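A predicted structure for the sequence below; I have some questions about it.
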Amino acid sequence: MRCLPCALVEPTYTCTALPPAYIARGSPCRADCGVALGSTSLLTGHGAAPEASEQPPDRARRRPCLAPSPVRSPRYARCMHRPTISESEIRKEQDNKGERCDVRAMDADAGPERYGCAHYRRKCKIRAPCCGEVFDCRHCHNEAKDSLEVSIQDRHVVPRHDIKLVICSLCNKEQDVQQDCSNCGACLGKYFCAKCNFFDDDVSKNQFHCDGCGICRTGGAENFYHCDKCGCCYTSLLKDSHHCVDRAMHHNCPVCIEYLFDSTKAISVLHCGHTIHLECLYEMRTHQQFSCPVCLRSACNMSDIWQKLDQEVAASPMPAIYQKKMIWILCNDCGMTSNVHFHILAHKCPGCSSYNTRQTRGDPAACSRV
């Protein structure tokens with residue numbers, strides 16, 4: 001049943017014997033609208049009682065008037081537990097909610113997460129000296145100006161050492177490169193390097209400037225050292241164990257073709273000395289590729305795999321027609337050329353016991369090391 005002034009549905013007083021136009025005597029409206037419902041009030045005439053002689057239909061006298069069971073009427077339970085709130089209290093609650101939202105928005109705006117970009121958190125932007133446009137950082141510039149959507153003639157990257165102007169994100173003051181804004185005094189970056197014009201508010205990265213590389217790196221200066229022959233910084237754990245390669249990081253990743261020297265992604269140094277993105281190395285392993293994509297040497301310690309291959313080869317003898325067949329192989333790990341028995345599974349290098357070999361044609365004079 002429904003109270004017209006407040007349009008409140010009240011299944012509590014629904015009578016299963018009476019027609020929908022009638023409700024029971026003395027049924028109060030639960031919306032506290034001040035209207036008392038009469039014994040035979042019509043929904044279309046709220047509060048107006050008909051003549052006393054008016055009676056319900058005959059079928060109503062033959063059926064008992066039963067209130068619906070709470071178990072059979074889920075709406076009954078919801079209406080019984082519905083709190084009574086006045087319109088003024090609702091407006092007051094909405095106003096308080098709006099004030100709390102405004103306070104949270106002000107707190108969010110005041111935090112450092114409002115400024116910066118996906119690469120760095122800081123309170124300044126840069127004006128690229130190459131094209132004169134404003135970007136949040138050099139990576140944002142390079143993504144926009146050195147992408148496949150840009151024509152080859154217009155592609156370029158920003159030279160970080162040539163940046164001369166920055167724009168404060170708080171007051172929009174364009175100024176020379178400096179840590180504090182000359183207009184509002186805001187700190188543009190908690191970490192600031194005047195050598196490579198770098199700002200960053202996230203000091204948890206332990207940034208440091210390497211004079212050998214000429215750029216800032218992360219991880220703490222005490223945990224890295226600069227290799228003059230490789231021309232890049234390596235972890236201190238590799239100081240006496242890595243294989244030096246000239247300008248090891250001054251090239252693109254052999255998998256994703258991204259320039260490695262100033263990449264923000266983690267880089268792994270392989271046993272051969274070549275470098276590759278760590279995520280690209282994991283991607284190769286998921287495809288059962290365990291050799292360096294540059295020189296084909298084993299990218300990690302494969303001794304356990306070689307032992308398993310020994311067992312597989314011993315358990316798979318070749319037919320008699322192939323038992324005397326000899327082939328020339330070249331080992332990708334040690335570079336040794338050997339003449340070994342042919343096997344369908346793999347060929348083992350007699351010099352270093354590696355199965356990372358490939359079949360060649362002819363004698364050693366026809367083979368060359370890659």
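Arrived safely, thanks for sending.

relative to C280, how far out is the closest residue to K229 other than its chain neighbours?
In space, not counting the residues next to it along the chain, K229 is nearest to C244; the distance is 4.4 Å by CB to CB, 6 or more residues apart in numbering. (Each C-beta comes from the backbone N, C-alpha and C, glycine too.) From C244 across to C280, the span is 22 Å (CB to CB, to the nearest Å).

can you give me the helices for the stretch 51-200 of the chain?
Along the stretch 51-200 of the chain, the segments classed as helices by DSSP state H, counting those that start in this stretch run 58-61, 74-80, 87-110, 138-145.

pretty sure C140 sits against Y120.
No: counting by CB atoms under 8 Å, C140 does not reach Y120; the two are 9.3 Å apart.

which one of the two is surrounded by more residues?
Y120 (22 against 19; other CB atoms under 10 Å).

distance of the more buried one from V203?
The value you get for Y120 to V203, if CB to CB is used, is 12 Å.

in the stretch 101-250 of the chain, which spans are strands?
Ranges of strands in the stretch 101-250 of the chain, per DSSP state E, counting those that start in this stretch, are 124-127, 134-135, 165-168, 174-176, 191-193, 198-200, 208-210, 215-217, 224-227, 232-235.

run through who's touching stretch 284-295.
Here stretch 284-295 makes contact (CB atoms under 8 Å, 6 or more residues apart in numbering) with 254-255, 270, 272, 274, 276, 297-300, 302, 305, 332, 356, 370.

how about 10 Å then?
245, 251, 253-255, 270-276, 280-281, 283, 297-300, 302, 305, 332-333, 335, 356, 369-370 (CB atoms under 10 Å, 6 or more residues apart in numbering).

out of those, which end up buried?
245, 253-254, 270-276, 280-281, 297-299, 302, 332-333, 335, 356 (16 or more other CB atoms under 10 Å).

tell me which of those residues fall in helices.
Among these, the residues falling in helices (DSSP state H) are C280, L281.

so of the buried ones among the contacts of stretch 284-295, which ones are in strands?
Residues of the buried ones among the contacts of stretch 284-295 located in strands (DSSP state E): T275, I276.

please enumerate the shared neighbours of Y120 and V203.
By CB under 10 Å, 6+ apart, the residues touching both Y120 and V203 are G189, Y191.

which ones are touching the closest residue to D180 other than its chain neighbours?
Setting aside the residues directly before and after it, D180 is nearest to C187 in space (CB to CB, 6+ apart), at 5.8 Å. Contacts for C187 (CB under 10 Å, 6+ apart) come out as R122, K123, C124, Q179, D180, C181, F199, D201.
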